[in-house]
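Q: Pasting the sequence and the predicted coordinates here, then a few questions.
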Amino acid sequence: MTRAALDAAYNNGAAVPNSQELLAVWRTRSAAFRDGHKGAVLDVAYGPHERQAVDFYPCGKKGAPALLLIHGGYWQIPVHTRATFAALAQGPLARGIDVGFAGYVLAPEASLRDIVGQIRKSIDTFDGLLAKTGSDRTRICAAGWSAGGHLAVSALDHPKLTSVLAISGIFELEPLRHNYINDKLGLSEAEAAALSPMTDPAASRKPIALAVGGNELPELIRQSRDYAAAREKAGAPVTLDVIAGRDHFTIVDEVAAPDGVITNRIAALLSA
């Protein structure tokens, strides 16, 4: 593809004309949820930067499994924070799952390798919170949307995680190295390969669930299909849901709903 074609192939905001309105709704919903959830433990630092913190929303049941959500934004969009999508916790909480959200320092202030390392530290901090509340620390899933899907899969070998779910994730970074996203990431060819889950799809054999919207950009659908196929070929556990009628932004509704397709997948991963 040309640079212009690659820019368009990964520009989710341009592909969904009302994306800013949808994000504004999530910010409003999430602010109300974040302020109103009794028992929430907010802004637990795992590093010196204000974005290096974890929020925790217990479901109120002892021995509950746990989910750590990681926001997207192509590792660089400042308005996406751990608070932006806090209302997504409502679906898993209704299913008896404790929920956390991890923030991270963005590019270009942090390199992608640094961001991957930050998420690993956030998992340690999240596990510490679970230890204090009596959660089941033998059942912890990390789930991420868009760039967060890449970060969740990149942390799959973390000893505290038992599974991962990636929503509209990025698993092969080389195409992004040639478009607008790399203006801030600054990935080299070697870094793109080293940080791409596709390079070693069976690096960890813990279960992975993938989800992508049927109305998403073809490249986003290809990324999930190709990664699922590579995992299957390697004999590593993976599922793929291509959710009809969902685009890159409405797909997160399947997390916020207690009976959403993605919430059901999360519950299945944590019941295994």
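A: Everything's here; your move.

Q: Quick check: the gap between residue 225 and residue 237.
A: 17 Å (CB to CB, to the nearest Å). Any C-beta I mention is one placed from the backbone N, CA and C, and that applies to glycine too.

Q: And residue 33, by the same measure?
A: 32 Å.

Q: Quick check: longest helix in this structure by residues?
A: helix 112-133 (DSSP state H).

Q: so how far is that helix off the chain centroid?
A: 14 Å (CA atoms, centre = their mean, to the nearest Å).

Q: Check stretch 95-107 too.
A: 8 Å.

Q: Please apply the same query to stretch 22-33.
A: On the basis of CA atoms, centre = their mean, stretch 22-33 sits 18 Å off its chain's mean C-alpha point.

Q: Stretch 256-266 too?
A: Centroid separation for stretch 256-266 versus its chain: 15 Å, with CA atoms, centre = their mean.

Q: List the buried residues of it.
A: By 16 or more other CB atoms under 10 Å, the buried positions in stretch 256-266 come out as 256, 257, 260, 261, 262, 263, 264, 265, 266.

Q: Next: stretch 75-85.
A: Residues of stretch 75-85 classed as buried: 75, 76, 77, 80, 81, 82, 83, 84, 85 (neighbour count, 16+ other CB under 10 Å).

Q: The last one reaches residue 252, doesn't it?
A: Going back to what we said before, that points to residue 85. Yes. Using CB atoms under 8 Å, residue 85 is in contact with residue 252, at 6.6 Å.

Q: list the residues that contact both of the two?
A: 26, 145 (CB atoms under 8 Å, 6 or more residues apart in numbering).

Q: ok, back up a step: more crowded one of residue 33 and residue 237?
A: Neighbour count, other CB atoms under 10 Å: between residue 33 and residue 237, residue 33 has more, with 20 against 16.

Q: Double-check the more buried one against residue 90; I have them as touching.
A: Yes. Using CB under 8 Å, residue 33 is in contact with residue 90, at 6.7 Å.

Q: pLDDT on stretch 164-175, on average?
A: For stretch 164-175, mean pLDDT is 98.

Q: what's the answer for stretch 239-250, then?
A: 98.

Q: what about stretch 21-38, average pLDDT?
A: The model assigns stretch 21-38 a mean pLDDT of 94.

Q: hmm, who's touching it?
A: 16, 40, 42, 55, 57, 79, 83-90, 249-250, 252.

Q: try stretch 111-131
A: Identification of contacts with stretch 111-131 by CB under 8 Å, 6+ apart yields 41, 44-47, 52, 54, 56, 66, 68, 70, 75, 98, 100, 102-107, 110, 136-137, 140, 142, 151-152, 154-155, 158, 160-161, 173, 185-187, 191, 194-195.
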